[in-house]
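Asks: Here's a sequence, model it:
(one chain, ligands or ions: 1)
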Amino acid sequence: MAEVLVRKLNKKFDITHVVKDVDLEIHDKEFVVFVGPSGCGKTTTLRMIAGLEAVTSGEILIDNAVVNEVPPMDRDIAMVFQNYALYPHMSVAGNMAFGLKMRKFAKSEIETRIKRAADILGIGDLLHRKPRQLSGGQRQRVALGRAIVRDPKVFLFDEPLSNLDAKLRVQMRVELKKLHERLGTTAIYVTHDQVEAMTLGDRVVVMKDGVVQQVGEPLELYNAPANRFVAGFIGSPAMNFAEVTLSATNGTLWAVAPGFKIGLPAALAQRAASHAGKPATVGIRPEDLHIAAAGDPPELCFEVEAEVVEQLGSEILLDTRAGETTFVASVEPTLRVRIHDRLRLAMNPNRLHLFDARTEAAI
Ligand code: ATP
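Replies: Below you'll find the model as predicted:
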């Protein structure tokens with residue numbers, strides 16, 4: 001069992017408050033990803049869990065024991081850093097053995113563990129090499145190996161794939177996922193990359209300005225973002241937003257902006273009834289827009305002008321404009337469309353999001 005609990009965790013560097021009242025419950029064997037823009041406090045939160053940063057207030061519990069005052073070495077966690085942090089003068093085997101030697105493990109046990117980790121990571125033939133004789137991907141594997149041999153209660157990963165090129169990053173992402181399947185160790189992973197967060201996390205914690213915005217399974221965040229920030233951060237290309245006023249006419253609640261007007265589907269209109277007459281933000285993902293066809297509800301269709309046509313092979317990303325609002329739409333790759341063409345787009349009625357213009361919370 002290795003549960004990690006974080007209660008009302010705060011961190012201040014002098015007067016700068018960088019982690020604010022963070023509450024988290026990370027279950028045994030879970031892979032939880034902290035994601036958010038640069039400076040949102042995710043690394044600081046991870047470092048407090050690791051014991052590398054003092055807690056200003058709040059509690060951290062590992063397996064029901066408060067560890068606030070426990071030194072990092074005694075927390076039974078292993079951390080993998082972005083810069084690998086390998087000892088340059090030691091061989092791969094030496095790097096992997098170091099933490100175990102410090103903990104006075106028997107030589108035979110160290111050898112068994114290194115062999116096992118090297119087999120898992122496919123680095124058996126690199127054990128005698130020095131870090132400078134390795135590629136970036138191989139170094140990252142060694143850093144993972146060093147964490148694996150410890151057989152810790154919790155793995156902490158701080159942007160471990162950021163220094164790798166795009167292709168290798170995708171490959172290592174898959175390997176990390178397999179590794180977690182195999183070892184089942186509780187893991188906390190920090191990244192600013194929402195794709196990494198969505199693909200790796202059993203659950204994802206989205207942070208902004210030191211505050212947790214939403215915690216949920218990847219699809220939960222994608223389908224039902226709690227606020228405009230999460231809606232815009234999760235998903236690529238990003239969700240489109242239109243600043244509108246809601247106005248009730250003839251039994252329909254309309255979202256209106258200059259050059260743009262749609263009638264909200266009944267369920268959403270019901271939820272938004274108390275917002276009639278007020279400003280709000282409509283959100284729709286590019287993949288939830290399509291070229292309007294006969295069966296589409298007319299109140300969810302609107303006219304746009306094509307401004308940029310990005311042919312990606314598997315889809316076309318159309319940058320369009322309706323009055324003052326721009327919409328990116330992902331459409332069929334076979335569509336013949338040119339800049340300045342006028343088109344009618346339709347929204348998928350079940351995929352429409354609405355946010356309070358002031359609080360930015362989902363309505
Ligand atoms: P990044 O992805 O850029 O690493 P992050 O979300 O991990 O960002 P943190 O590294 O946790 O963010 O930093 C949060 C805030 O705390 C930032 O504004 C940063 O400048 C500040 N900060 C971090 N460490 C210190 C420090 N030792 N002293 C003062 N301020 C710090």
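
Asks: how deep is the closest residue to Ser91 other than its chain neighbours tucked in, by neighbour count?
Replies: Once flanking residues are discounted, Ser91 sits nearest to His128: 5.4 Å by C-beta to C-beta, 6 or more residues apart in numbering. (Each C-beta comes from the backbone N, C-alpha and C, glycine too.) Neighbour count of His128, defined by other C-beta atoms under 10 Å: 10.

Asks: which residues touch His128?
Replies: 91-93 (C-beta atoms under 8 Å, 6 or more residues apart in numbering).

Asks: Stretch 124-137: end-to-end distance?
Replies: 15 Å (C-alpha to C-alpha, to the nearest Å).

Asks: Identify each buried residue in stretch 254-270, please.
Replies: Neighbour counts over stretch 254-270 (16 or more other C-beta atoms under 10 Å) mark 254-257, 260-265, 268-269 as buried.

Asks: what residues does it touch?
Replies: Residues contacting stretch 254-270 (C-beta under 8 Å, 6+ apart): 242-248, 252-253, 272, 280, 282, 297, 299-302, 321-325, 347, 349-350, 352, 354, 363.

Asks: average pLDDT for stretch 199-206?
Replies: Averaged over stretch 199-206, pLDDT sits at 96.

Asks: For it, measure first residue to last.
Replies: Using C-alpha to C-alpha, the end-to-end distance of stretch 199-206 comes to 14 Å.

Asks: Quick one: check it for contact with the ligand.
Replies: No - if you take C-beta under 6 Å from any ligand atom as the test, stretch 199-206 misses the ligand, and the best it gets is 11.4 Å.

Asks: backbone phi and psi for Pro88, please?
Replies: phi -70, psi -30 (degrees, to the nearest 10).

Asks: Correction: the previous question concerned Tyr222.
Replies: phi -70, psi -40.

Asks: residue contacts, the closest residue to the ligand within the stretch 251-363 of the chain?
Replies: Residue of the stretch 251-363 of the chain nearest the ligand, by C-beta to the nearest ligand atom: Glu360 (19.8 Å). The neighbours of Glu360, taking C-beta under 8 Å, 6+ apart as the test, are 227-229, 281.

Asks: Then Gln194?
Replies: So Gln194 contacts 35, 233-236 (C-beta under 8 Å, 6+ apart).

Asks: so which of the residues you listed comes closest to the ligand?
Replies: Using C-beta to the nearest ligand atom, the contacts of Gln194 come closest to the ligand at Val35, 9.1 Å.

Asks: Among the contacts of stretch 254-270, name the buried ones.
Replies: Here, 16+ other C-beta under 10 Å leaves 242-244, 246, 253, 272, 280, 282, 300-302, 322, 325, 347, 349, 352, 354, 363 buried among the contacts of stretch 254-270.

Asks: So which of these belong to strands?
Replies: Per DSSP state E, strands hold the following members of the buried ones among the contacts of stretch 254-270: 242-244, 246, 253, 280, 282, 301-302, 322, 325, 347, 354.

Asks: gap between the residue in the stretch 151-300 of the chain that the ligand sits nearest to and Pro152?
Replies: Proximity to the ligand, evaluated over the stretch 151-300 of the chain using C-beta to the nearest ligand atom, is greatest for His192 at 4.7 Å. Distance, His192 to Pro152, using C-beta to C-beta, to the nearest Å: 25 Å.

Asks: which helices and strands sit right next to the helix or strand of the chain with the lowest mean pLDDT?
Replies: The helix or strand of the chain with the poorest confidence is helix 166-183; it has a mean of 86 (mean pLDDT, DSSP states H and E). If contacts are counted by 3 or more C-beta pairs under 8 Å, 6 or more residues apart in numbering; DSSP states H and E, helix 166-183 sits against helix 107-121, helix 136-149, helix 194-200.

Asks: Can you give the distance of the first one from its chain's centre?
Replies: Right, the one you point to is helix 107-121. With C-alpha atoms, centre = their mean, to the nearest Å as the basis, helix 107-121 stands 32 Å off its chain's centre.

Asks: tell me which residues in that helix are buried?
Replies: Neighbour-count burial for helix 107-121 [16+ other C-beta under 10 Å]: 110, 113-114, 117-118, 120-121.
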